[in-house]
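Enquirer: just the structure for this:
(one chain, ligands or ions: 1)
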Amino acid sequence: MSQLLIEGVTYARRNRTQPPTERLAKALTKGYPDSLAPICASCTTVNSLPVPPPEDPLIMVEAWFNEAVREAHQRHPNAMTLATVDTASRPSARMILIKELSRIEGYVTFYSHYQSRKAMELERNANAAGVLHWDKLGRQIRFEGIVVRSPEDQSDAYFATRSTNSQLNAWVSEQSRPLESIAELTRRARDKASDLGLATEPDDGEEPRSGIRVPRPPFWGGYQFWFAAVELWLEGKDRFHDRLRYERALTPIGATAFTTGPWTCQRLHP
Ligand SMILES: Cc1cc2nc3c(=O)[nH]c(=O)nc-3n(C[C@H](O)[C@H](O)[C@H](O)COP(=O)(O)O)c2cc1C
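Expert: Now for the predicted structure:
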């Protein structure tokens, strides 16, 4: 499985041995014509996506992620706007951080509270849309598809990599619910630490010290956002932007995975 793990600006791809920089460079150049190479920093030249388009848009998605991370123009190059809808078809959107791109299957993983507003909306309607924008690179990616919960073992594994304070905060934040004060949250975190036998000093900002493993809360974990549509957008001169829209069928197999049909692609007017 080819997966791109994203943690801040650190990437690691499983089953590969080259150092990250070489892997990134390889992913960027592999199979692309030179027309992909220019970065649209000022967009003074005509910029275009590959002609003919690659059959699999995820190759481009991965390359663009790699470049956004490498160029480090923004603190969170993996930040994506995620839009969901409620039962009355009213949309809502918020930022999330993509933590993993599964290029072969074609989904991204993010983490959240399973009783948050987004979670409630996804439970009733799993259709979602996502947008990434890298301003300095003049690139946008749009995703449309279906969001399902990650397998529990994957959520456990990711939760275990988080700092103890972050783990405690996951326990005590009732994401999207009314909160009396930040002080209440701090008190709840301290109480939770004490329940778990973790030694903490109030407000000292230090990580609680102990070898105690903080279990993952059952109400917090991963989501996989499987793509039925991907659109690549490249900023061009005088609004002659280039757009490639890809679509494919997603057929559920069980509650958490899909078989995927072949991609079809169309170039769109800007
Ligand atoms: C850059 C950025 C990254 C964020 N990443 C996440 C994330 O990965 N998961 C998450 O639950 N919330 C994340 N948030 C907070 C969400 O935008 C949002 O406030 C929160 O999830 C509650 O949304 P909801 O009430 O619609 O469920 C992030 C916010 C920003 C600005």
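Enquirer: so where's this protein shaky on pLDDT?
Expert: 1-46, 199-210 (pLDDT under 70).
Enquirer: try 90
Expert: 1-48, 197-213, 238-239, 254-256 (pLDDT under 90).
Enquirer: which residues does the residue minimising distance to the centre of the chain contact?
Expert: Residue closest to the average C-alpha location in the chain (CA atoms, centre = their mean): residue 98, at 1.7 Å. Neighbour list for residue 98: 6, 78-80, 108-110, 132 [criterion: CB atoms under 8 Å, 6 or more residues apart in numbering]. Every C-beta, even on glycine, is put in place using the N, C-alpha and C of the backbone.
Enquirer: just residue 106 next, same as before
Expert: For residue 106, the contact set (CB under 8 Å, 6+ apart) comprises 58, 226-227, 230, 248, 260.
Enquirer: for residue 212, same thing?
Expert: 196-198 are the contacts of residue 212 under CB under 8 Å, 6+ apart.
Enquirer: just the buried residues of those residues.
Expert: Among those, those classed as buried by 16 or more other CB atoms under 10 Å are 196, 198.
Enquirer: run through the contacts of residue 212 and flag the ones next to the ligand.
Expert: Checked against the ligand using CB under 6 Å from any ligand atom, the contacts of residue 212 yield no neighbours at all.
Enquirer: dump the contacts of residue 212 to CSV, plus secondary structure.
Expert: Listed next are the contacts of residue 212 as CSV, based on DSSP: H, G, I helix; E, B strand; the rest coil:
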residue, secondary structure
196, coil
197, coil
198, coil
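Enquirer: closest to the ligand among the contacts of residue 212?
Expert: residue 196 (22.2 Å; CB to the nearest ligand atom).
Enquirer: any idea how far the ligand is from the residue nearest to the centre of the chain?
Expert: Distance of residue 98 to the ligand, computed by CB to the nearest ligand atom, to the nearest Å: 8 Å.
Enquirer: now do residue 106
Expert: 20 Å.
Enquirer: got phi/psi on that residue?
Expert: As for residue 106, its main-chain torsions (degrees, to the nearest 10) stand at phi 90, psi 60.
Enquirer: do you know how far it is from residue 249?
Expert: Distance from residue 106 to residue 249, counting by CB to CB, to the nearest Å: 12 Å.
Enquirer: need the overlap of contacts for the two.
Expert: Joint contacts of residue 106 and residue 249 (CB under 8 Å, 6+ apart) are residue 260.
Enquirer: can I take it that residue 66 is in a helix?
Expert: Yes - assessed with three-state DSSP, residue 66 lies in a helix.
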